[in-house]
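# heads up, no residue letters with this:
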Ligand code: 13P
């Protein structure tokens, strides 16, 4: 298979009707925060147990086409001693890997951040690929205020995101391109729309500069919403605002857009995705790549106890199924009360 054929096959496996992506790539500090919220200490053993339980969810592959893993998990064995990428592949799920190495302050741009991880990326990707990873993820983060993000932050982060995507494609790995515009703050929906448009425009300019094949990327953006401290917009308003920005700046060659949940509740993110898919056909498939919105109920049900494995799996399966319906515009909030 040529590299182009390999990328095409992975896109076809990831962008499937009624399916989305599970983001289970929390770094060690982030998963420690999530576990703490349900009274569990984060250790290598608890992370392995939890992730093994959720990835073994019966029929997870009916609604989930890919899972993004953290480096540690890619090399771990399940509780039944099967390698995690093999366990996922046996469910018909494509294993992927987070490859950015976090973020830190952008010098001379107070309040802005830049994502790290380009050094040695090709060598790491080669290793991840040998362990079964077929796609990757890199997250840029943009804070919103009256003045943030600066043009300097938008441009520098777009540049590293495009360089990452180019390296991935050269290695036959599909890049998920994630420019996250944070929901934190008291900004308006109009301000979020303005920042999202600026960010996406620069991301696609940089992707073009680096000759990235848009047909072989997946975009993972934030929905356009008001800041968390500014109250909520209706799902219809979120869908209209998001699509009007995307129509201006996301080329039709991009096969799939998978939204992050970014601090929306599980129900809210499902309702918003459903509204996005209720506005008729778009040039791109609109799906999900949720972390918290898929896993929160499962983590609560698990609470660190093996005896709760089935309850945790049922909670994850429910969210995956409902988001699978929302991806087709067939969800209604009344379904939350079904078993
Ligand atoms: P959330 O859905 O919890 O925002 O996580 C998605 C993700 O992968 C962030 O990088």
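The structure has been received and is ready for your questions. Note that this is a predicted model, so its numbers are computed, not measured.
# Please name the residues that touch the closest residue to residue 184 other than its chain neighbours.
Among residues not flanking residue 184 along the chain, residue 228 sits closest, at 5.7 Å (CB to CB, 6 or more residues apart in numbering). From N, CA and C alone the C-beta is placed, and that goes for glycine too. Counting by CB atoms under 8 Å, 6 or more residues apart in numbering, residue 228 touches 183-185, 263.
# quick check, nearest of those residues to the ligand?
Of all the contacts of residue 228, the ligand sits closest to residue 263, with 6.6 Å by CB to the nearest ligand atom.
# Buried members of the contacts of residue 228 into ChimeraX, please.
Buried residues within the contacts of residue 228, by 16 or more other CB atoms under 10 Å, are selected in ChimeraX with:
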select :183,185
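# ok, back up a step: mind checking how far the residue nearest to residue 184 is from the ligand?
For residue 228, the distance to the ligand equals 13 Å [CB to the nearest ligand atom, to the nearest Å].
# Quick one: end-to-end distance for stretch 57-66.
This stretch, stretch 57-66, spans 14 Å end to end (CA to CA, to the nearest Å).
# Tell me which residues are up against that stretch.
Contacts for stretch 57-66 (CB under 8 Å, 6+ apart): 13-16, 18-22, 54, 91-96, 135, 313, 316-317, 320-321, 323-324.
# cutoff 7 Å now
Residues from elsewhere that reach stretch 57-66 (CB atoms under 7 Å, 6 or more residues apart in numbering): 13-14, 16, 18-22, 91-94, 96, 135, 313, 316-317, 320-321, 323-324.
# Dihedrals phi and psi, the residue in the chain positioned nearest to the ligand?
Nearest residue of the chain to the ligand: residue 291, at 2.7 Å (CB to the nearest ligand atom). Per-residue torsions, residue 291: phi -100, psi -80 (degrees, to the nearest 10).
# ok, so of the contacts of residue 228, who is nearest residue 71?
Checking the contacts of residue 228 against residue 71 by CB to CB gives residue 263 as the nearest, at 24.2 Å.
# sorry, back to before: buried subset of the contacts of stretch 57-66, written for ChimeraX?
Restricted to buried positions by 16+ other CB under 10 Å, the ChimeraX selection for the contacts of stretch 57-66 reads:
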select :13,14,16,18,19,20,21,22,91,93,94,96,135,313,316,317,320,321,323,324
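# Please flag which of the contacts of residue 228 sit within strands.
If you go by DSSP state E, the contacts of residue 228 have nothing in strands.
# Rebuild the contacts of residue 228 as TSV, extending it with distance to residue 169 and pLDDT.
Below are these laid out as TSV (distance: CB to CB, whole Å; pLDDT from 0 to 100):
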residue	distance to residue 169	pLDDT
183	30	98
184	32	98
185	34	97
263	30	97
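# Might one say that residue 183 is in contact with residue 260?
No - counting by CB atoms under 7 Å, residue 183 sits too far from residue 260 to count as a contact (9.8 Å).
# joint contacts of those two?
residue 222.
# ok, stretch 55-64 near the ligand or not?
No - Stretch 55-64 lies out of reach of the ligand by CB under 6 Å from any ligand atom, never closer than 13.6 Å.
# same question, stretch 305-323
No - against the ligand, stretch 305-323 shows no contacts by CB under 6 Å from any ligand atom, the least distance being 11.0 Å.
# contact partners of that stretch?
With contact meaning CB under 7 Å, 6+ apart, stretch 305-323 is reached by 20, 49, 53-54, 57-60, 63-64, 266, 270, 273, 288, 290, 293-295, 297-298, 301-302, 331, 335.
# next one: stretch 200-215
For stretch 200-215, the external contacting residues (CB under 7 Å, 6+ apart) are 154-155, 158-159, 161-163, 165-166, 169, 177, 179, 221, 249-251, 253-255.
# And the ligand, is stretch 14-22 touching that?
No - Stretch 14-22 stays clear of the ligand (CB under 6 Å from any ligand atom), getting no nearer than 8.6 Å.
# And that stretch, end to end?
Taking CA to CA, stretch 14-22 runs 11 Å from one end to the other.
# Next, count neighbours for the residue nearest to residue 77 when sequence neighbours are not counted.
Ranked by CB to CB, 6+ apart and with sequence neighbours excluded, the top spatial neighbour of residue 77 is residue 83, at 5.9 Å. The number of residues packed near residue 83 is 16, by other CB atoms under 10 Å.
# wait, what's in contact with residue 89?
The neighbours of residue 89, taking CB under 7 Å, 6+ apart as the test, are 95, 132.
# May I see the buried residues of the strand or helix carrying it?
Element membership for residue 89 (DSSP states H and E) is helix 84-90. For helix 84-90, the neighbour count (16+ other CB under 10 Å) marks 84-85, 87-89 as buried.
# coming back round to it: generate TSV for the contacts of residue 228, with distance to residue 32 as supplementary columns.
Below are the contacts of residue 228 laid out as TSV (distance: CB to CB, whole Å):
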residue	distance to residue 32
183	22
184	20
185	25
263	18
